[in-house]
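Visitor: quick check, what structure comes out for this input:
(chains A and B)
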Amino acid sequence: RKEVEQDPGPFNVPEGATVAFNCTYSNSASQSFFWYRQDCRKEPKLLMSVYSSGNEDGRFTAQLNRASQYISLLIRDSKLSDSATYLCAIYGQNFVFGPGTRLSVLP
Amino acid sequence: DAGVIQSPRHEVTEMGQEVTLRCKPISGHDYLFWYRQTMMRGLELLIYFNNNVPIDDSGMPEDRFSAKMPNASFSTLKIQPSEPRDSAVYFCASSDKSGYSNQPQHFGDGTRLSIL
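Guide: Purely as a prediction, here's the structure:
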């Protein structure tokens, strides 16, 4: 089993839709969790950290499920500008990035 | 504040040549990471440093790759000799680990390397 896994997508959704991604991890001792966004031919940029109690930043909600060892990212009222690849990053002994989930928001 | 600075932005060279990629981390960050990204393999961690000391280089593909961090504000990743399969985007990232919380990584713009 890979250390961090994501559904590669692509997820094609209409503007205004709600979309959710999951990211599973194998190291139960993992301590810190993040979501990054990467636009085509650009560097990954931090979208948000994921806290144990869940957290929200505008249209974005991140949650952690330690029992099932996954984190999730929910995007509400999706915009065309949300089209990107979303990478999860898990910090256990080392930082490990997932392979990313590609999102295309369609007009 | 300046972010992570990488140079060059683009590098095109012939196979067999030596390639040196450079990185300046964010001031005050004590972790530095080198990644390689390709369509096929995604984002792969090559090596990372803590306080200028290499901690884990298990991701370095082979002996042709080497990395150094002579001081807190500079690191290099060298490929010698280069091969076409080394063509990729190479990212440098830095982070700060303080207390019991692990901080996210901040990435540079990357170096797009093409080996002909």
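
Visitor: C-alpha from now on. contacts and neighbour counts both.
Guide: Fine.

Visitor: interface residues of chain A facing chain B?
Guide: A:31-32, A:34, A:42-46, A:49, A:91, A:96-100 (Cα under 8 Å from any Cα of the partner chain).

Visitor: try it again with 7 Å
Guide: Contacts of chain A with chain B, taken as Cα under 7 Å from any Cα of the partner chain, map to A:32, A:42, A:43, A:44, A:45, A:97, A:99.

Visitor: buried ones only from the residues you listed, please, as a ChimeraX command.
Guide: Buried subset of these, written as a ChimeraX selection, criterion 16 or more other Cα atoms under 10 Å in any protein chain shown:
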select /A:32,43,44,45,97,99
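
Visitor: identify the farthest-apart pair in the residues of chain A next to chain B.
Guide: A:32 and A:42 (23.8 Å; Cα to Cα).

Visitor: the strands in chain B, which residues?
Guide: B:5-7, B:10-13, B:19-24, B:31-38, B:42-50, B:53-56, B:65-71, B:74-79, B:88-95, B:97-98, B:101-102, B:106-107, B:111-115 (DSSP state E).

Visitor: what's the answer for chain A, then?
Guide: Under DSSP E, chain A gives strands at A:4-6, A:11-14, A:19-25, A:32-38, A:45-50, A:55-57, A:60-65, A:70-75, A:84-91, A:95-97, A:101-106.

Visitor: can you find the helix or strand in chain B with the smallest mean pLDDT?
Guide: Sorting the helices and strands of chain B by mean pLDDT, DSSP states H and E puts strand B:101-102 at the bottom, at a mean of 62.

Visitor: actually chain A, not the one I wrote
Guide: strand A:95-97 (a mean of 86).

Visitor: now find how far off-centre that one is within its chain.
Guide: 13 Å (Cα atoms, centre = their mean, to the nearest Å).

Visitor: one more: stretch B:38-46?
Guide: Taking mean C-alpha positions (Cα atoms, centre = their mean), stretch B:38-46 and its chain are 12 Å apart.

Visitor: can you give me the separation between the nearest residue to residue A:26 once chain neighbours are set aside and chain B?
Guide: Of all residues not flanking residue A:26 in the chain, residue A:3 sits nearest, at 5.1 Å (Cα to Cα, 6 or more residues apart in numbering or on different chains). Counting by Cα to the nearest Cα, to the nearest Å, the separation of residue A:3 from chain B is 12 Å.

Visitor: ok, now how distant is residue A:3 from residue A:90?
Guide: 9 Å (Cα to Cα, to the nearest Å).

Visitor: then residue A:37?
Guide: Counting by Cα to Cα - residue A:37 and residue A:90 are separated by 14 Å.

Visitor: ok, those two, which is more surrounded?
Guide: A direct count of neighbours by other Cα atoms under 10 Å in any protein chain shown for residue A:37 and residue A:90 places residue A:90 higher, at 28 against 21.

Visitor: beta partners of that one?
Guide: residue A:33, residue A:96 (DSSP bridges).

Visitor: now do the same for it: its pLDDT.
Guide: Residue A:90 is assigned a pLDDT of 91 by the prediction.

Visitor: likewise for the one 3 residues further on?
Guide: Reading off the per-residue confidence, residue A:93 sits at a pLDDT of 76.

Visitor: apart from its chain neighbours, what residue comes closest to it?
Guide: residue A:30 (7.4 Å).

Visitor: which residue is nearest the centroid of chain B?
Guide: residue B:34 (2.7 Å; Cα atoms, centre = their mean).
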